[in-house]
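**Student:** take this sequence and fold it.
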Amino acid sequence: MIAIRSRDDRGVERNGWLDSRHTFSFGHYFDPAHMGFRALRVINEDRVIPGAGFPPHGHRDMEIISYVLDGALEHKDSTGTSSVIRPGEVQRMTAGTGVRHSEYNASKTEPVHFLQIWILPGREGLAPGYEQRAFPAADRRGRWRQVASQNGRDGSITVHQDVDLYASLLAAGERIGFDLRLGRHAWIQVARGQVRLNGEPVKQGDGVAISGETKIEVEGETDAEVLLFDLA
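**Tutor:** Take a look at the predicted model:
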């Protein structure tokens, strides 16, 4: 089964500094039909104006991944971590027993555009933690590059859940396949551009839930950036 979650049906939050689109229920947006998919709980597509951002706030018992598409995102948290995340870099924060953090646009002149992804951990009460790694465009071009996994394999960041996250950059007309193991599920998020997934058109901002399938083929209709979550 392949079910497309249209970008036009997402929740919307707009204020003077933030334009956010919620694939799943989040904040003031609640849709009981879209509470997440398997262990994937949140995919927010955020655009933040120069110099603005999210002031310090708390989280617990969640794996939080930030994936920057354009600009630079400044992160600070209560563990003492301070960093800037740029395109091609992936950050994981384990909220665990509790952590406070802030996220601001690191630029005073350019907007930042990023995806914030929440994954339910395999167990509660983990120690707070942080990890960030760079994945060059050349390593993601025309292939699935693993950027997160439960055991940190192939140089990916570690997440405390049975999930494999892959990223790919596709040129128009370029095709890549993925073999989904029996009993596994997948979520595909088109971060930019437009693709065909098993022949179905999928646009920037769309998500796709996949269950009961073993073969996935993605073809770029335009230059595109795509994330694939392989989930238990």
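
**Student:** C-alpha from now on. contacts and neighbour counts both.
**Tutor:** OK.

**Student:** check contacts around the residue sitting nearest the centre point of the chain.
**Tutor:** Nearest to the geometric centre of the chain sits residue 117, at 4.4 Å (CA atoms, centre = their mean). By CA atoms under 8 Å, 6 or more residues apart in numbering, residue 117 lies in contact with 40, 41, 42, 43, 44, 64, 65, 66, 67.

**Student:** out of those, which one sits closest to residue 175?
**Tutor:** For the contacts of residue 117, the closest approach to residue 175 (CA to CA) belongs to residue 67, at 22.8 Å.

**Student:** tell me, how many residues neighbour that closest one?
**Tutor:** 22 (other CA atoms under 10 Å).

**Student:** I figured it hits residue 87, correct?
**Tutor:** Yes. Between residue 67 and residue 87 there is a contact under CA atoms under 8 Å: 7.3 Å.

**Student:** show me what the residue nearest to the centre of the chain bridges to in the sheet.
**Tutor:** Beta-bridge partners recorded for residue 117 (DSSP bridges): residue 43, residue 65.

**Student:** what does the model give it for pLDDT?
**Tutor:** Looking at residue 117, its pLDDT stands at 98.

**Student:** any idea how far residue 45 is from it?
**Tutor:** 9 Å (CA to CA, to the nearest Å).

**Student:** which SSE is residue 139 in?
**Tutor:** helix 137-140 (DSSP states H and E).

**Student:** what does that helix contact?
**Tutor:** 88, 145, 167, 168, 169.
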